[in-house]
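Asker: Just a sequence and a predicted model for now, questions to come.
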Amino acid sequence: MMSFLSGAILSCLVWKDTLAVNLTVGGAGLRSISIGTALMSSLLSVDLEENEPDKKTLAHSQFANAIEMMAGCSGGSLFLGNLVYSEKFVTMVESITKARLSPDPDAAYGIAD
């Protein structure tokens with residue numbers, strides 16, 4: 001049986017005031033990349049909401065810095081590889097995050113009335 005669903009599994013462990021995050025992104029090609037990007041930008045928008053505008057980056061994210069292990073298959077591996085090694089991809093995820101935090105998200109995404 002073939003599954004057409006793809007997803008990401010996020011597990012968090014707090015041990016002695018230390019957060020450890022494991023991130024797993026499933027397969028299904030482009031769908032996995034889309035789901036992973038949406039998940040990461042959503043989590044970052046919550047994590048970075050209180051930060052100063054110039055510090056709304058993955059590098060300043062407590063969540064991203066707490067990731068201990070990442071695993072993926074197919075498109076999930078591609079997403080995670082881009083997240084780790086591609087500055088352009090990270091910039092795209094950060095720009096989506098900043099648009100979500102914008103007072104006018106439509107303008108941040110370039111959507112006109």
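Answerer: Looks like it came in fine.
Asker: what sits up against stretch 50-60?
Answerer: Applying C-beta atoms under 8 Å, 6 or more residues apart in numbering, the contact partners of stretch 50-60 are Leu44, Leu48, Ala64, Val90, Val93, Glu94, Thr97, Lys98, Leu101. C-beta here means a position set from N, CA and C on the backbone, and glycine is covered the same way.
Asker: Contacts only, for the second one.
Answerer: If I follow you right, that is Leu48. Counting by C-beta under 8 Å, 6+ apart, Leu48 has contacts Lys55, Lys56, Thr57, His60, Ser61, Thr97, Leu101.
Asker: mind saving the C-alpha coords of the longest helix along the chain as CSV?
Answerer: In the chain, assigned by DSSP state H, the helix with the most residues is helix 30-48. Extracted C-alpha coordinates of helix 30-48, given in CSV (Å, rounded to 0.1, in the frame of the first residue of the first chain):
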residue,chain,number,x,y,z
LEU,A,30,8.3,18.3,-3.2
ARG,A,31,5.4,17.7,-0.7
SER,A,32,8.0,17.0,2.0
ILE,A,33,10.0,20.1,1.2
SER,A,34,6.8,22.2,1.4
ILE,A,35,5.7,20.6,4.7
GLY,A,36,9.1,21.0,6.2
THR,A,37,9.4,24.6,5.1
ALA,A,38,5.9,25.4,6.5
LEU,A,39,6.7,23.6,9.8
MET,A,40,10.1,25.3,10.2
SER,A,41,8.8,28.8,9.4
SER,A,42,5.9,28.3,11.7
LEU,A,43,8.1,27.1,14.6
LEU,A,44,10.5,30.0,14.0
SER,A,45,7.8,32.6,13.9
VAL,A,46,6.7,31.5,17.4
ASP,A,47,10.3,31.2,18.6
LEU,A,48,11.5,34.5,17.1
